[in-house]
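1. Need a 3D model of the following:
(4 chains)
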2 protein chains.
Amino acid sequence: MTSIKDIARLAGVSPSTVSRVINDKEYVRAEIRDRVKAIVKEKGYVQNHAARSMVLRRTFTVGIVIPDTFNMFQRQLFATIEHHLEEQGYRTMFIFVTWSAESESACLRKLKSESLDGIIMMHEVQNPAVYKYLHEYSVPVVLCTFGSEDFPFPAVRVDECAAAEAAVAHLMDWGHRRIGIIAGTHFRFSVQRAEGYRRVFESRGMEPPKDSWKATVPSYSLEEGRRGMARLLRQDSTITAVFAMTDELAIGAMRTLHEAGLKVPEDLSVVGFDDIDISAYTAPALTTIRQPIREMGERTAALICDLIAEGKAEGSPFVLEHRLIERESVASPKGAPRDSSTQDGAPRLGTGGLGL
Amino acid sequence: MTSIKDIARLAGVSPSTVSRVINDKEYVRAEIRDRVKAIVKEKGYVQNHAARSMVLRRTFTVGIVIPDTFNMFQRQLFATIEHHLEEQGYRTMFIFVTWSAESESACLRKLKSESLDGIIMMHEVQNPAVYKYLHEYSVPVVLCTFGSEDFPFPAVRVDECAAAEAAVAHLMDWGHRRIGIIAGTHFRFSVQRAEGYRRVFESRGMEPPKDSWKATVPSYSLEEGRRGMARLLRQDSTITAVFAMTDELAIGAMRTLHEAGLKVPEDLSVVGFDDIDISAYTAPALTTIRQPIREMGERTAALICDLIAEGKAEGSPFVLEHRLIERESVASPKGAPRDSSTQDGAPRLGTGGLGL
DNA sequence: TTGTACGCGTTATCAT
DNA sequence: ATGATAACGCGTACAA
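-> Numbers count the residues shown, from 1 in each chain, chains lettered A, B, ... in the order given. As a prediction, the model looks like this:
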């Protein structure tokens, strides 16, 4: 590969001059600048990243820690982040993590050896050593989609509990009382969303939801949604609606319903969470909670850039607004007309909530 | 960050010795080896990647060029590749590309500056300069999901044309004759799949498909599938089946059908292509062509490793077998019983084709 | 305004 | 078996 020295020789100047030209520094005669630039272009020269980051002691790279099974929601999120980071001149390096302890150690090792300029965590690593390392060496970090009480990292997220509450309250507004939940585990949001579910019952002075209305599944896949729904149906066939903790789970659940010959929403209503892109295209289209993906991504990218550049992380709030997207998967339970206490008329059909 | 020199000082040896220990070289007394290792562990030392790749003149990094709007099929594919590469000690760097010329230039620039050990192209870049550069500097390259006639890069893929033929033939076998197609553009596979579609008509001695049976859409998104199907319905309402060039397009198409009050497969049959994971969970589940994702990923990873290590790329074939996955989205056209020339009985319902 | 010299962290080579 | 030294490509302080 052609190096800065080659260019220097070709241009009849010293390497430092070439360096100045490339980095748009002052003190270069226009004439020389042009000559060097021409040669750079001709030779297709580009700086060697490794050498640069070695001497500059920074890598211009932001690491994104993300589950290796990332879903469409996360996919859209990091696409936004990546895009903005790119604009700011940062490279992006993905660090895929599974739920295994070994994978988390590998993650830590990677974080160390890469000496990244900043880290965006889109995955709640369990091993505290990771956060501890990041904190001790004061690596710029921003948490995205979850928060932490133990470490003072800025966190961009929605109020998971309130959002889940909105989803379940929506079901209540439609007259549902026996509402099931398909719940995941492991992550903070799983307890928060479950808490939101519980609170709706509480705040309305109702009995807490029965245990038989809950199916806990080991992951957030379509298949687990399918299984969870099947279990729910077995446990208590009187439920009239289901809150699935993620859209994937909800779509899997609808599949079970379809196989069982049950119609959504006529026989059973479903609401999801995340508003992944496919949720507007299922039959029926899924009523769900939308997290402001774009905004979250922009905010996260801006934060990490500020953190890297100036060490500051101001400009709250980092808790963004969620929004209920009404589509077609919710209706009144059979026999029971819609709760008169709500203002809204019929559910919006079509792609009204598509955001096009 | 603690460096090799720090460790050396702490252990009372020279940096070279530490280097030998770290890289498991010979000629180190066991006693010293243990002492150094202990200190390395205690200090949590890890090699600096930039420095290493500078002196070794390799980055241990494989670049994956991929569309920034990658779909679930590609997502599963690169997950497999990433996993295998990781096992072989390679890092992975994604290079996201859009369909713009500017983005492709940026891609080229990146490829140059990163000095990657190898490149996996999962996206058909239009600008020949990219391939030219790769070829000239004999960077190890493997194409994944498409081939090239202009450059001798090994390519892992299926026979797109034959696969599309299988999809459409399946429709024919069910008695369909007026079969529409939702087609994309830009990529090699779009012309190959369209060609497969055409050939079925030809090989059965039928008239070529009418122009009004074809809707060409500008991208492969859910939304374009929806639009394409709507257009098809307007252009010729007598079609009884549709071949969508990708599953996303198919799912979007089914959405239009749902909105129009048409039932799949009773009113209209649909077959897709790719077998993305959600295709088994839609209602109805999608009949589609499965590309052997796992195998393709493994093959691609193995190839790039061989290419990097030994410069060779042997062990064809690189053209893998596709497979028709029959689910629920195909039935006989209304009024017409299933073509008696086929051996198979009723379509498989449920998740028989799920591959669990 | 330009060039020289050094250092970043690591490994390979050669000397010991 | 171990250590000293050079080199990788670049940026920068300092000399010119």
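
2. residue nearest the centroid of chain A?
-> Nearest residue to the geometric centre of chain A (C-alpha atoms, centre = their mean): A:Gln74, 3.8 Å.

3. hey, where'd the strands end up in the stretch 251-356 of chain A?
-> A:269-271, A:288-290, A:319-320, A:323-325 (DSSP state E, counting those that start in this stretch).

4. Kindly report the same for chain A.
-> Residue ranges of the strands in chain A, as given by DSSP state E, are A:61-67, A:91-97, A:118-121, A:141-144, A:155-158, A:179-183, A:214-216, A:241-244, A:269-271, A:288-290, A:319-320, A:323-325.

5. most neighbours per residue, which of the ones you listed?
-> Comparing those on average neighbours per residue, with mean count of other C-beta atoms under 10 Å in any protein chain shown, the densest one is strand A:241-244 at a mean of 31. In short, each C-beta sits where N, CA and C put it, glycine included.

6. pLDDT averaged over that one - what is it?
-> Averaging pLDDT along strand A:241-244 yields 98.

7. Does anything pack onto the helix or strand of chain A with the lowest mean pLDDT? Which helices or strands?
-> Across the helices and strands of chain A, mean confidence by mean pLDDT, DSSP states H and E is lowest for helix A:101-114: a mean of 86. When contacts are defined as 3 or more C-beta pairs under 8 Å, 6 or more residues apart in numbering or on different chains; DSSP states H and E, helix A:101-114 packs onto strand A:61-67, strand A:91-97, helix A:128-136.

8. can you pull the buried residues of it?
-> Of all the residues in helix A:101-114, those buried under the rule 16 or more other C-beta atoms under 10 Å in any protein chain shown are A:Ser103, A:Glu104, A:Ala106, A:Cys107, A:Leu108, A:Lys110, A:Leu111, A:Lys112, A:Ser113, A:Glu114.

9. on that earlier part again, switch the strands of the stretch 251-356 of chain A over to CSV; also include mean pLDDT and distance to A:Arg29.
-> Compiled in CSV, those are given as follows (pLDDT from 0 to 100; distance: least, C-beta to C-beta, whole Å):
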stretch, mean pLDDT, distance to A:Arg29
strand A:269-271, 98, 67
strand A:288-290, 97, 56
strand A:319-320, 94, 51
strand A:323-325, 98, 58
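
10. Out of these, which gets nearest to DNA strand C?
-> Closest approach to DNA strand C among the strands of the stretch 251-356 of chain A (C-beta to the nearest atom of the strand): strand A:319-320, 38.7 Å.

11. quick one: strands adjacent to the closest one?
-> In the sheet containing strand A:319-320, its partner strands are strand A:155-158 (parallel), by DSSP bridges.

12. picking up where we left off before, the least confident helix or strand of chain A and DNA strand C in contact?
-> No - using C-beta under 7 Å from any atom of the strand, helix A:101-114 never reaches DNA strand C; the gap is at least 8.2 Å.

13. For that helix, C-alpha coordinates in PDB please.
-> Extracted in PDB, the C-alpha atoms of helix A:101-114 (Å, rounded to 0.1, in the frame of the first residue of the first chain):
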ATOM      1  CA  ALA A 101     -21.100 -15.700  30.900                       C
ATOM      2  CA  GLU A 102     -18.300 -16.800  28.600                       C
ATOM      3  CA  SER A 103     -19.500 -14.500  25.900                       C
ATOM      4  CA  GLU A 104     -19.600 -11.600  28.300                       C
ATOM      5  CA  SER A 105     -16.000 -12.200  29.300                       C
ATOM      6  CA  ALA A 106     -15.100 -12.300  25.700                       C
ATOM      7  CA  CYS A 107     -16.900  -9.000  25.300                       C
ATOM      8  CA  LEU A 108     -14.900  -7.500  28.100                       C
ATOM      9  CA  ARG A 109     -11.700  -8.700  26.600                       C
ATOM     10  CA  LYS A 110     -12.700  -7.100  23.300                       C
ATOM     11  CA  LEU A 111     -13.500  -3.800  24.800                       C
ATOM     12  CA  LYS A 112     -10.100  -3.700  26.400                       C
ATOM     13  CA  SER A 113      -8.100  -4.700  23.300                       C
ATOM     14  CA  GLU A 114      -9.900  -2.400  20.900                       C
END
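
14. contacting residues around that helix?
-> The contact list for helix A:101-114 (C-beta atoms under 8 Å, 6 or more residues apart in numbering or on different chains) reads A:59, A:61, A:63, A:65, A:93, A:95, A:97, A:119, A:125-127, A:129-130, A:133-134, A:139, B:1, B:44, B:46-49.

15. how about 7 Å then?
-> Here helix A:101-114 makes contact (C-beta atoms under 7 Å, 6 or more residues apart in numbering or on different chains) with A:59, A:61, A:63, A:65, A:93, A:95, A:97, A:119, A:125-127, A:129-130, A:133, B:44, B:46-49.

16. Give me the pLDDT value at the residue nearest to A:Thr92 when sequence neighbours are not counted.
-> What sits nearest to A:Thr92 in space, not counting adjacent residues and going by C-beta to C-beta, 6 or more residues apart in numbering or on different chains, is A:Glu82, at 4.9 Å. Listed pLDDT for A:Glu82 reads 93.

17. tally of neighbours for A:Glu82?
-> 22 (other C-beta atoms under 10 Å in any protein chain shown).

18. That one contacts A:Met93, doesn't it?
-> No - checked against C-beta atoms under 7 Å, the pair A:Glu82 and A:Met93 is beyond contact range at 10.3 Å.

19. Overlap in contacts, the two.
-> By C-beta under 7 Å, 6+ apart, A:Glu82 and A:Met93 have no common neighbours.

20. quick one, what contacts the residue nearest to the centre of chain A?
-> By C-beta under 7 Å, 6+ apart, the neighbours of A:Gln74 are A:Ile66, A:Met122.
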